[in-house]
Each structure stands twice: as structure tokens, then as C-alpha cells.
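**Student:** sharing a sequence plus its predicted fold:
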Amino acid sequence: MQISPVVSDLATQKSLLQRGSAVRAQMQTASQEMSSGLKSDLVAATGGDLGGLFAIERGIVQLDSQIEGLNFAAAKASSAENYLGQLAAGVAPFGVDLQAALDRGDALAQTSIAKGARAAFDAAVSALNGRYGRHALFAGAALDGPALVDSDAIYADLAALASGAANGLDAIAAIDSYFNAPGGGFETGAYLGGDTTAPGVEIAEGQRLNYALRADDAAFRQNLQALALVALAAEGDTPGTPADARLMLREGAALALENPGQILALREGLGHAAQRIDETIANASGALHGLELRRAAIVSADPYETASAFQALQGQMEIIYEVTARMANLRLVDRLR
């Protein structure tokens with residue numbers, strides 16, 4: 001039986017259309033892979049096992065989150081270190097310089113140095129209320145609020161205690177009780193932070209590094225106590241006699257001499273914590289890079305292979321168009337006969 005030329009042409013045309021559609025779809029896939037750099041068929045890329053790829057993706061997400069938390073902790077520790085440096089520098093002159101002026105009986109120098117104590121006290125309270133972003137640095141677990149009430153309120157309480165004392169010794173004892181006695185004014189009225197330390201940062205599975213400090217630490221209280229005694233004497237908030245004022249100056253200078261070393265010890269501890277955090281960041285970043293390389297080996301499309309495939313498909317498409325055009329031209333000639 002002889003096959004009609006028309007039927008043969010229709011079958012060939014249908015085959016060309018199907019082949020053209022298939023090639024266009026393949027070209028679109030190749031074009032997407034070239035532009036994205038990623039393979040379009042992940043099932044084929046993983047050999048039909050997507051579980052391994054999903055595990056890599058989970059690991060990348062977890063490490064990204066861990067590194068973000070570690071970077072935030074490192075920045076908080078660095079900011080806290082800076083505030084501790086301010087505290088140590090702020091109290092130092094009221095130890096060394098004031099003590100020297102007291103020892104040589106230089107009343108003019110004593111007055112000149114002591115006059116700066118109130119501003120230094122305000123600055124110390126401000127430093128202990130320091131924040132990094134939305135987090136209070138020295139308020140313990142109470143991250144959202146300030147660690148201390150404002151310096152004016154604290155100073156007003158201290159001035160009332162000192163002015164109401166019988167003599168300089170009683171004033172010094174009252175100020176000491178305010179800062180250091182359990183249930184004293186500092187604990188009940190000045191410190192607003194939490195009773196527990198702020199959460200630490202995870203540096204290994206099941207291991208957290210607690211690096212945060214609280215404004216009710218003994219070293220910080222001594223810092224404020226030293227500055228307060230000098231400021232009270234300088235401002236005239238004393239039991240009343242020059243001898244009382246000098247006694248308060250001497251006690252303030254003695255405390256100020258000890259304090260920078262204590263603050264710097266805390267700062268050194270923060271520095272060690274920051275170093276461990278940096279080491280953990282480096283290790284986590286290395287692990288993350290390794291997972292990203294493994295993921296890339298699975299999902300990344302080779303640019304040379306993809307471009308070569310696209311060019312080959314483009315050539316096939318041109319041939320299909322050429323054959324289709326020739327067939328259309330032949331059919332027109334047949335009809336014109």
C-alpha cells in the first residue's frame with residue numbers, strides 16, 4: 001500500500017514540532033542554569049538521594065545562626081571592654097593625684113582635683129548603663145532596661161546620708177553601708193538590673209561561655225563609692241567641718257587607688273572571653289565554608305558545560321527551523337503545480 005505524501009508530510013511536521021518543543025525546553029533549562037549557576041534537576045544531581053543535600057542545608061543554616069550569635073556576643077564583649085576602660089580611666093586621677101596632694105598638704109591641688117569627681121561619678125553611672133543595640137550590658141538578665149537609676153538620684157541619696165551623719169567617720173560608714181551592705185540603698189534603690197547574669201553564648205555543643213558582668217559587682221560599687229566620697233567632700237555635702245571633708249577625701253582616694261586594678265582585672269577576663277569567642281567564630285566559619293563547598297559541588301552547574309550544551313541545542317533548533325522552512329516551501333511548490 002502506498003502512503004500518501006500528505007500523510008507523510010504531516011507526520012514529519014508533527015515530529016519536528018515535538019522535537020522543537022523538547023529542544024526549546026532544554027534550551028530554557030540551560031539558559032536558567034547559565035544565569036543562576038545552579039543545576040535545575042537536583043534529583044539527578046544527587047543521584048536520587050536528596051537527604052544528604054538537605055542535611056548539608058540544615059548544617060549551613062545552623063552554622064549561619066551560630067556565627068550570627070557569636071558575632072553579636074563578640075561585639076557586646078568589645079563594647080563592655082570599652083566601658084570598663086572608661087571606668088578605670090575615670091577613677092584613676094582621684095587615687096594617684098589626689099592622694100599625692102593630700103600627702104603633701106596641697107589644699108589648692110586637692111580642691112582642683114576633687115572638683116572633677118562629680119562629673120566623673122556621672123560618667124561612671126552612664127558607663128554602667130551602657131548598651132549595645134537594644135541590650136543593656138551591665139543589667140544582668142534584665143537586658144531591656146537600665147542597670148542603674150540616674151546619677152542625680154543616687155547622688156541625692158548619698159548627699160542626704162553624708163550631710164545627716166554626726167561626723168566624717170559616720171558619713172564614710174553610711175556611704176559604705178549604702179554601697180556594700182546586704183539590702184543597702186544600692187541594692188534596693190540604685191541597681192535596677194536582674195539578679196542573674198545575662199545569658200552566655202554557646203561555644204560548643206552543650207557548652208556556654210558566660211562573659212557578661214553586672215553593675216552590682218563589688219568592683220563597680222567601689223568605683224562609684226570612691227568617686228562619691230570625693231564628690232561629696234568637694235561639693236560640701238559633709239557633716240560640716242573641713243576635717244570631715246579631708247577624711248572623706250582620704251577614704252575616697254584610698255578606694256580609688258585600688259579600683260583601677262580591679263576594673264582592669266574584669267576587663268582582662270572579658271578579653272579572654274572575647275578571644276575564645278573569636279576562636280569559635282573562626283572554627284564555625286571554617287566548618288561553614290566546608291559545607292558550602294560540598295553544597296556547591298552538588299548543585300552548581302559547570303559554566304563551560306552549560307554554555308556548550310546551550311550552543312549545541314541552539315544548533316539543533318536552527319536545523320529544525322531550516323527543515324521546517326524547507327518543508328513549507330516544498331508544499332507551496334506542490335500546490336502551485
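**Tutor:** Yes, it's here.

**Student:** pLDDT score for residue 75?
**Tutor:** Per-residue confidence at residue 75 stands at 94 (pLDDT).

**Student:** and it, how many neighbours?
**Tutor:** Using other CB atoms under 10 Å, residue 75 has 14 neighbouring residues. Any C-beta I mention is one placed from the backbone N, CA and C, and that applies to glycine too.

**Student:** helix or strand for it, which one?
**Tutor:** Take DSSP states H and E as the rule and residue 75 turns out to sit in helix 51-91.

**Student:** cool, and residue 208?
**Tutor:** Residue 208 belongs to strand 207-209, assigned by DSSP H and E.

**Student:** quick one: buried residues of that strand?
**Tutor:** Across strand 207-209, burial judged by 16 or more other CB atoms under 10 Å covers residue 209.

**Student:** one more: stretch 155-162?
**Tutor:** 155, 157-159, 161-162.

**Student:** now do that stretch, average pLDDT.
**Tutor:** Rounded mean pLDDT across stretch 155-162 is 97.

**Student:** other residues contacting it?
**Tutor:** Here stretch 155-162 makes contact (CB atoms under 8 Å, 6 or more residues apart in numbering) with 118, 121, 171, 174-175, 178, 185, 189-190, 228, 231-232, 235, 237-239, 248.

**Student:** would you map the helices across the protein?
**Tutor:** Counting by DSSP state H, the chain has helices at residues 5-36, 42-45, 51-91, 96-103, 107-114, 117-128, 151-163, 168-180, 185, 218-235, 242-299, 303-336.

**Student:** coming back round to it: run the chain-centre distance for the strand holding residue 208.
**Tutor:** Counting by CA atoms, centre = their mean, to the nearest Å, strand 207-209 is centred 16 Å from the centre of its parent chain.

**Student:** now do that strand: which elements does it pack against?
**Tutor:** Here strand 207-209 touches strand 201-204, helix 242-299, going by 3 or more CB pairs under 8 Å, 6 or more residues apart in numbering; DSSP states H and E.

**Student:** what does the shortest one rub up against?
**Tutor:** Meaning strand 201-204. By CB under 8 Å, 6+ apart, strand 201-204 touches 66, 69-70, 73, 208-209, 211, 276-277, 280.

**Student:** what about the residue found closest to residue 288 once you drop the neighbours it is linked to in the chain, neighbour count?
**Tutor:** Leaving out its chain neighbours, the residue that sits closest to residue 288 by CB to CB, 6 or more residues apart in numbering is residue 63, at 4.3 Å. Residue 63 sits with 19 neighbouring residues when counted by other CB under 10 Å.

**Student:** equivalent analysis for residue 105, please.
**Tutor:** By other CB under 10 Å, 9 other residues sit near residue 105.

**Student:** and what of residue 196?
**Tutor:** Other residues close to residue 196 by other CB under 10 Å number 10.

**Student:** and the closest residue to it other than its chain neighbours, what does it touch?
**Tutor:** In this structure, residue 196 finds its nearest non-sequential neighbour in residue 141, 4.7 Å apart by CB to CB, 6+ apart. Under the criterion of CB under 8 Å, 6+ apart, the neighbours of residue 141 are 193-199.

**Student:** ok, 10 Å please
**Tutor:** When contacts are counted by CB atoms under 10 Å, 6 or more residues apart in numbering, residue 141 touches 193-199, 212, 214.

**Student:** what of residue 244?
**Tutor:** Counting by CB under 10 Å, 6+ apart, residue 244 has contacts 162, 165-172, 233, 238.
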